[in-house]
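# could you look at this predicted model? Sequence included:
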Amino acid sequence: MEHVDYKALCRELFGTTDVSELKKIAAQVNQKNPRQAGRKKKFTNEDIAAMRKLRADGVPMQTIADRYGTSRQIVSKYLNQAPDAGYTMRMTLMYQNKPCTAIDVNFLQNKIRIQNYTKDILHRAFGVKENPTWEDFYVFLQDRCFPRTRGNVKTLLAGLGLQDYDSLQIVEKTNGRTAEDDLWLKFQYYGRTGA
């Protein structure tokens, strides 16, 4: 039977024979992720709430990103997370190029949820209402359309490729633009992931 000099072997393999050093090396080897590599959730819920408040106060995305030591894209990812299951559309009311209110729409349950990004109630989709109803949403859509009673409504509908007056379809075609203001709608669609 061959005699093995374990002390020399440890020195050759690990560069040390010190027992405490060898234990540290063994602990690192047994650790599943010794470098702590991989993506980590970078921001806490408190951080995200603070970012939303800054954005609502009109702070530019780049300034928020600089404050948190990240990129605008990462801040945007956290502030614009996809809606929960059942919500298949996000409609964002914009003022020029600034988001004012995100409206998540669940058509199966006739529910909406909103996120205001501004304190200016004139630029919010529902003004001071924080929990608008489905009926409020319907009124909002009608306000972003030409009136149903307009004299040339059939011509306008034909120009949009529509046969019937449907306020949702109209705002999708016109982006909710009206002659009265600089507000418009941006749409995002999500696959149905639940009811």
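Here it is on my side, so go on.
# Three-state assignment for the closest residue to residue 120 other than its chain neighbours, please.
Closest residue in space to residue 120, ignoring its immediate chain neighbours: residue 100 at 7.5 Å, by C-beta to C-beta, 6 or more residues apart in numbering. For the C-beta atoms, the positions are set from N, CA and C on the backbone; glycine is no exception. Put simply, residue 100 is strand when judged by DSSP: H, G, I helix; E, B strand; the rest coil.
# contacts only, for residue 100.
With contact taken as C-beta atoms under 8 Å, 6 or more residues apart in numbering, residue 100 is in contact with 92, 93, 94, 116, 117, 118, 120, 123, 124, 125, 183.
# and which of those is nearest residue 60?
residue 117 (12.2 Å; C-beta to C-beta).
# wait, what's in contact with the closest one?
Counting by C-beta under 8 Å, 6+ apart, residue 117 touches 52, 55, 56, 79, 98, 99, 100, 101, 102.
# any idea how far the first one lies from residue 76?
In other words, residue 52. 12 Å (C-beta to C-beta, to the nearest Å).
# same check on the last one?
Residue 102 sits 12 Å away from residue 76 when distances are taken as C-beta to C-beta.
# and the two? Which one has more around it.
Between residue 102 and residue 76, counted using other C-beta atoms under 10 Å, residue 102 has the larger neighbour count: 20 against 16.
# could you find the closest non-adjacent residue to the more buried one?
Excluding the flanking residues, the one nearest residue 102 by C-beta to C-beta, 6+ apart is residue 115, at 4.4 Å.
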